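[1] Any chance you can model this:
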Amino acid sequence: MPEPIDTPVLIVGGGPVGLSLALDLAWRGNRSTLIEREPGTGVELLAKANGLHERTMETCRRWGLVHKVMEVGFPRDHAGDSVYCTSLMGHFIGRSVIPSANLRPTPPESPEKRQRCPQYEFDPLLARAVQERALTDLRYGVAFRDLEQDDHGVTAIAREVATGREYPLRAGYLIACDGAGSRVRRSIDVPFDGRMLDFSLSAMIRIRDLAEHHPIRDGERYILIGPDGAGKTSTFQILGAIFLVMTMGWLFVSERRQGTLKRLQAAPVTRGQILARVYVPSMMPVLLETLRISMIFNFTGVMIAEMYASRTGIGHLISNWGENFQLPQLFAGVILLAVVAIAFNEAVRFLEHRYSAWRT
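    As a prediction, this is how the structure comes out:
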């Protein structure tokens, strides 16, 4: 292990909190080192926060960034209305009027007013301001792995994501700005009580001249309301699998048992006997086969959804373990999923083989 790199303050996490801290330290003449596991700031276009409130703008005023925020923000003459409708081309229900930045008055309690500036613009703006101060050692592509603290400071172990090379950083102060799933927090056994109440899923879609193609205009936010209320949807994965299984089974019987059914219709048997002794035995093998295949896609879909859009579930845990280099937990989770998937597949395959004689 090489000799530690000394720094007065080590900041872990290069999001808006970490960058703001580094900038404020630099504004006060203090040096620091910031490590961020991503290769840069704002390298991926994501829909996150879209506004800065008055208190944040007061801080930006102190840093001399107000005009830069206004330059990269949303158009200042565009209204901030929340529009309620059934769809962009559907029925208009109502509107919560929010004036544009040009028309919104400055509150008497503050010299600044709220500005609409998306996070994908604000974070790079902060990073540029930090670099211009030239008092912060910005280290991108470097992840925090572990720490040891003593009476005089903290020694952190950093890891280069691209090469895997590890080296120590020695600091008087280490400040965790690495989010709710903070690896720093976990390394010093600080609990995170409570539970996730909800989550949101955002997507960035660019549509040229969108306002010219739908009649409900001048909105910043469109809240789509259906019969069940705003944002209510149904979960179709399991129902879809059941529908697919039943449909495939019924089609198989209809195609393969027409002759048998015609002969039975002339015989003295009831519909219940036909169902129990013809339909169910004929459908069982293909039902099992279709169930096995369809559940593979459902299993994969649920895992992907939990990894990218959920805050709970094994998929979410595996994603977090991978991002934080918790290899034992990561491998355990992947192996567990593999065992469950293989066990389910083989169990259904066994039943399918056992009843395969019913196909003919």
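[2] What is the longest strand of this protein by residue count?
    Using DSSP state E to assign secondary structure, the strand with the most residues in the chain is strand 166-176.
[3] For it, report the contacting residues that lie outside it.
    By C-beta atoms under 8 Å, 6 or more residues apart in numbering, the list of residues contacting strand 166-176 from outside reads 1-13, 18, 21, 33, 35, 145, 147, 149, 152-160, 182, 184-185. For the C-beta atoms, the positions are set from N, CA and C on the backbone; glycine is no exception.
[4] try 6 Å this time
    Around strand 166-176, the neighbours that count as contacts under C-beta atoms under 6 Å, 6 or more residues apart in numbering are 2, 4-12, 153-159, 182, 184-185.
[5] now do stretch 89-102
    Under the contact criterion C-beta under 6 Å, 6+ apart, stretch 89-102 has outside partners Arg76, Asp77, His78, Ala79, Gly80, Asp81, Ser82, Val83, Tyr84, Cys85, His214, Ile216.
[6] ranges for the helices of the stretch 51-200 of the chain?
    Counting by DSSP state H, counting those that start in this stretch, the segments of the stretch 51-200 of the chain that form helices are 54-63, 66-72, 119-133, 183-187.
[7] Kindly export the shortest one (C-alpha atoms) in PDB.
    Read it as helix 183-187. Presented in PDB, the C-alpha positions along helix 183-187 are these (Å, rounded to 0.1, in the frame of the first residue of the first chain):
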ATOM      1  CA  ARG A 183     -21.000   3.300   2.200                       C
ATOM      2  CA  VAL A 184     -19.300   5.700   4.700                       C
ATOM      3  CA  ARG A 185     -22.300   5.500   7.000                       C
ATOM      4  CA  ARG A 186     -22.300   1.800   6.900                       C
ATOM      5  CA  SER A 187     -18.600   1.500   7.500                       C
END
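[8] Phi and psi next, for the spatially closest residue to Ile11 that is not a sequence neighbour.
    Counting by C-beta to C-beta, 6 or more residues apart in numbering, Ile11 lies nearest to Leu34, which is 4.3 Å off, once chain neighbours are set aside. In terms of degrees, to the nearest 10, the main-chain angles of Leu34 are phi -120, psi 130.
[9] And for the one 10 residues further on?
    The main-chain torsion angles of Glu44 are listed as degrees, to the nearest 10 and equal phi -120, psi 130.
[10] Burial check on it, number of neighbours?
    Around Glu44 sit 9 other residues, with neighbours defined as other C-beta atoms under 10 Å.
[11] From Val142, how far out is it?
    Note on Glu44: its distance to Val142, by C-beta to C-beta, to the nearest Å, is 18 Å.
[12] Now, the contacts of strand 166-176 that are in strands?
    Helix and strand membership here follows DSSP E; of these, those in strands are 5-12, 153-159.
[13] Buried by neighbour count, from those residues: which ones?
    Neighbour counting with 16 or more other C-beta atoms under 10 Å marks 5, 7, 9-12, 153-159 as buried within the ones in strands among the contacts of strand 166-176.
[14] buried set for stretch 25-36?
    Leu25, Ala26, Trp27, Ser32, Thr33, Leu34, Ile35, Glu36.
[15] for stretch 326-343, same thing?
    Of the residues in stretch 326-343, those buried under the neighbour-count criterion (16+ other C-beta under 10 Å) are Gln326, Leu330, Gly333.
[16] Check pLDDT for these and point me to the minimum.
    Ranked by pLDDT, the buried residues of stretch 326-343 bottom out at Gln326 (74).
[17] Domain ranges for the chain, per the record?
    The domain map for the chain lists 5-49+118-187, 237-359, with the assignment taken from automatic domain parsing.
[18] Quick check: end-to-end length of the first one?
    Same thing as domain 5-49+118-187. In domain 5-49+118-187, first residue to last residue: 20 Å (C-alpha to C-alpha, to the nearest Å).
[19] could you give the mean pLDDT of it?
    When pLDDT is averaged along domain 5-49+118-187, the result is 93.
[20] before we move on, the earlier item: nearest to Asn345, of the ones in strands among the contacts of strand 166-176?
    Within the ones in strands among the contacts of strand 166-176, proximity to Asn345 (C-beta to C-beta) peaks at Arg159, which comes in at 36.8 Å.
[21] What's opposite the closest one in the beta bridge?
    Arg159 has the following beta-bridge partners by DSSP bridges: Ala143, Glu166.
[22] wait, it sits on Ala143?
    Yes. With contact defined as C-beta atoms under 6 Å, Arg159 counts as touching Ala143 (5.0 Å).
[23] Look up the pLDDT of the residue nearest to Glu112 when sequence neighbours are not counted for me, please.
    Closest residue to Glu112 in three dimensions, ignoring its sequence neighbours and counting by C-beta to C-beta, 6+ apart: Met57, at 3.7 Å. On pLDDT, Met57 comes in at 95.
[24] One more: Tyr84?
    Checking the pLDDT column for Tyr84, the value is 87.
[25] Ok, the one 10 residues further on next?
    Taken from the predicted model, the pLDDT recorded for Gly94 is 87.
[26] what's the burial count for it?
    Residues near Gly94, counting by other C-beta under 10 Å, number 10.
[27] go on, His91?
    Look at His91: counted by other C-beta under 10 Å, it has 10 neighbours.
[28] Kindly provide the distance from it to Asp81.
    17 Å.
[29] Now do the same for the nearest residue to Glu220 once chain neighbours are set aside: its pLDDT.
    Setting aside the residues directly before and after it, Glu220 is nearest to Gly80 in space (C-beta to C-beta, 6+ apart), at 4.5 Å. Gly80 is assigned a predicted lDDT (pLDDT) of 83.
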